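K.L.:
sequence and computational prediction follow.
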Amino acid sequence: MSEQEDSELIQQFLAGNEKAYNQIVSRYQERVYWLIRRIVNDHDTANDVAQDVFVKVYSSLKGFKGDSSFYTWLYRIAVNFSFNEIRRKKIRKSFSIEQHEIDVESDDDSPIDKVVSEEHKQAISEAIEMLSEKQKKVFILRYYEEMPFNEISKLLKTSVGGLKANYFHAVSKIGKHVRSKMQ
Amino acid sequence: MLDQKCNDIKYLLPEFIEGGLSSEQLKSVEVHIFNCSSCNNIAKELKYTYQYLQTESLAEVPKNYFSELNYQVNQRIENKKWMPIFSIINLRYVTSIAAMLVISIISALYLMLNENSYNNSFIVNRQFDQKVHLISNEYYVQNENDISHMLEKDYSIQSEVKTESKSVMKIASLYNLEMNLDNVILYLLDGEVKIESEHDYLLALSDILVE
């Protein structure tokens, strides 16, 4: 999607066309959800945070000055909200929150494939959890979101050199953890 | 032992494997790892990690989730439009705050009539004690008296900070968290936080714990 189309939708929304905001949400909801999901690591929390982000963007669009691209601004809000939620979750640890069963898409994996796949996912998500906050942000934005370093630099307001160092250490840490788990 | 050149190169290795380097950088990395066994090993390990990551399957989402997300966002926006006041006031405390205001006004009038006996900071503390008493009826805090005593002894602390630190300690107790009063006071003195709702208390608590 071009930036022009984003800015047109934003202008339409600011002129009073509420449907334009629905289009913005539809356009970015999957990308924002998966970004958040990678950070918070469970669906229910990701759903809450994604909704919070889009509600926040709705009320803040008037203040969007266009200094950065819309999606950089949106991603910054999503990253900040996700890490705020992680901090808040540490507080709520004393509550025992039962994991809700979710109705998932069926697939054709055999039981053995599922076990291997689960171990696999578990090792990677454990490794990502072990990263520092900075490393985690860079890793998720770069690896999963495939964002160029100069974009991440604008989003996180950090130098490209520093980001590359963080990214290298993040991938190395993940590799070490995964190897130790899968041996 | 990696030298400076190795350090420069190793931070380019992820992009070397992902394929995002310029032709000049690519040549520089290729020449270096051909001659440097340490960097060569690091590159091999990273390559293995990428292979591993690429086989990761996508996490699952509930059926029709994305078709419903927009609707849920719209619902929340509509609710927010109709209840702007309720979105910033925590309903759980509305009754307590209203009662506290009435008691505060009565207390202030009473104290104004007896101004020789009380100084201003004591008025604030006394009003706050009423508030604490009201709110804490529901959630009794075992060491509340100790906290109040410690805070009131120290006249160097601003009354607002005393108020907020008591509330932070109270919320901490609700969540069964052990919180050091000194850390709470330092945090409140240090930061530019404005604590107005339970959400703000939780954020303050999380910041203190993270620190």
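P.N.:
Sure, I can see it.
K.L.:
what's in contact with stretch A:58-77?
P.N.:
A:3, A:6-7, A:10, A:13-14, A:21, A:28, A:31-32, A:35, A:53, A:56-57, A:141, A:145, A:147, A:151, A:154-156, B:73, B:77, B:80 (CB atoms under 8 Å, 6 or more residues apart in numbering or on different chains). Bear in mind the C-beta positions are built from the backbone N, C-alpha and C, glycine included.
K.L.:
report the buried members of those residues.
P.N.:
A:6, A:10, A:13, A:21, A:28, A:32, A:35, A:53, A:57, A:141, A:145, A:147, A:151, A:154-156, B:73, B:77 (16 or more other CB atoms under 10 Å in any protein chain shown).
K.L.:
pLDDT weak spots in chain B?
P.N.:
Flagging of chain B using pLDDT under 70 yields the residue ranges B:1-2, B:57-58, B:82-100, B:107, B:110-160, B:174-180, B:182-183, B:185-211.
K.L.:
which non-adjacent residue is nearest the residue of it found nearest chain A?
P.N.:
Closest residue of chain B to chain A, CB to the nearest CB: residue B:49 (3.2 Å). Excluding the flanking residues, the one nearest residue B:49 by CB to CB, 6 or more residues apart in numbering or on different chains is residue A:175, at 3.2 Å.
K.L.:
could you do residue B:18 as well?
P.N.:
Closest residue to residue B:18 apart from its sequence neighbours, by CB to CB, 6+ apart: residue B:50 at 7.4 Å.
K.L.:
where does the one you found fall, secondary structure wise?
P.N.:
With elements taken from DSSP states H and E, the one containing residue B:50 is helix B:37-54.
K.L.:
can you name every helix or strand that that helix contacts?
P.N.:
Using 3 or more CB pairs under 8 Å, 6 or more residues apart in numbering or on different chains; DSSP states H and E as the contact test, the elements touching helix B:37-54 are helix A:111-129, helix A:160-182, helix B:4-10, helix B:13-18, helix B:23-35.
K.L.:
tell me the pLDDT of the residue of chain A at minimum distance from chain B.
P.N.:
For chain A, the residue positioned closest to chain B under CB to the nearest CB is residue A:175, at a distance of 3.2 Å. According to the prediction, residue A:175 has pLDDT 91.
K.L.:
was I right to think it contacts residue B:44?
P.N.:
No. Here residue A:175 does not reach residue B:44: they are 10.3 Å apart, not a contact under CB atoms under 8 Å.
K.L.:
looking at the two, which is more packed in?
P.N.:
Per other CB atoms under 10 Å in any protein chain shown, whichever of residue A:175 and residue B:44 has more neighbours is residue A:175, with 20 against 12.
K.L.:
residue contacts, the more buried one?
P.N.:
Residue A:175 is in contact with B:45, B:46, B:48, B:49, B:52, counting by CB under 8 Å, 6+ apart.
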